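> Need a 3D model of the following:
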Amino acid sequence: MNTKQLIEKVVSLPVEERALVVDSLLRSLNQPDSEIDKIWVKEAKRRLAELRSGRVEAIQGEEVFGKVWKRFEK
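Reported below is the predicted structural model:
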């Protein structure tokens, strides 16, 4: 089976199975690094604690993206 045939076969799969194939392929390109994962978990917990304690205030996603788009409009 060549690459074109393989792609045609995969595209014909149900969406859930295609998502699994995509996820598997992406993971094969970007091998997980457990040390980086541990650092991100620690950072996520720190940020959550800041939110819950009130030390930082959450900003709505629409507001954040609005600011980003304004910067690129210049």
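
> Name the next helix or strand downstream of the longest helix along the chain, please.
For the chain, the helix with the greatest residue count under DSSP state H is helix 34-53. Remark: after helix 34-53, the chain's next helix or strand is helix 61-73, criterion DSSP states H and E.

> average pLDDT across that next one?
What helix 61-73 shows for mean pLDDT is 93.

> same thing with stretch 4-11?
Averaged across stretch 4-11, pLDDT comes to 95.

> tell me the domain ranges of the chain?
1-31, 34-73 (automatic domain parsing).

> can you redo those as a markdown table with mean neighbour count?
For glycine as for every other residue, the C-beta is placed from the backbone atoms N, C-alpha and C. Converted to a markdown table, these look like this (neighbours: other Cβ atoms under 10 Å):
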| stretch | mean neighbour count |
| --- | --- |
| domain 1-31 | 10 |
| domain 34-73 | 9 |
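
> Can you tell me how far G66 is from I59?
Shown here: G66 relative to I59, a distance of 10 Å by Cβ to Cβ, to the nearest Å.

> Let me fix that, I meant to ask about Q5.
48 Å.

> Repeat that for V10.
In this structure, V10 and I59 are 39 Å apart, going by Cβ to Cβ.

> ok, now E73?
Look at E73 and I59: by Cβ to Cβ, they are 19 Å apart.

> can you pull the pLDDT of A19?
Looking at A19, the pLDDT reads 96.

> quick one: contacts of whatever helix or strand it lives in?
Per DSSP H and E: A19 is located in helix 15-29. With Cβ atoms under 8 Å, 6 or more residues apart in numbering as the test, helix 15-29 has contacts from V10, V11, L13.
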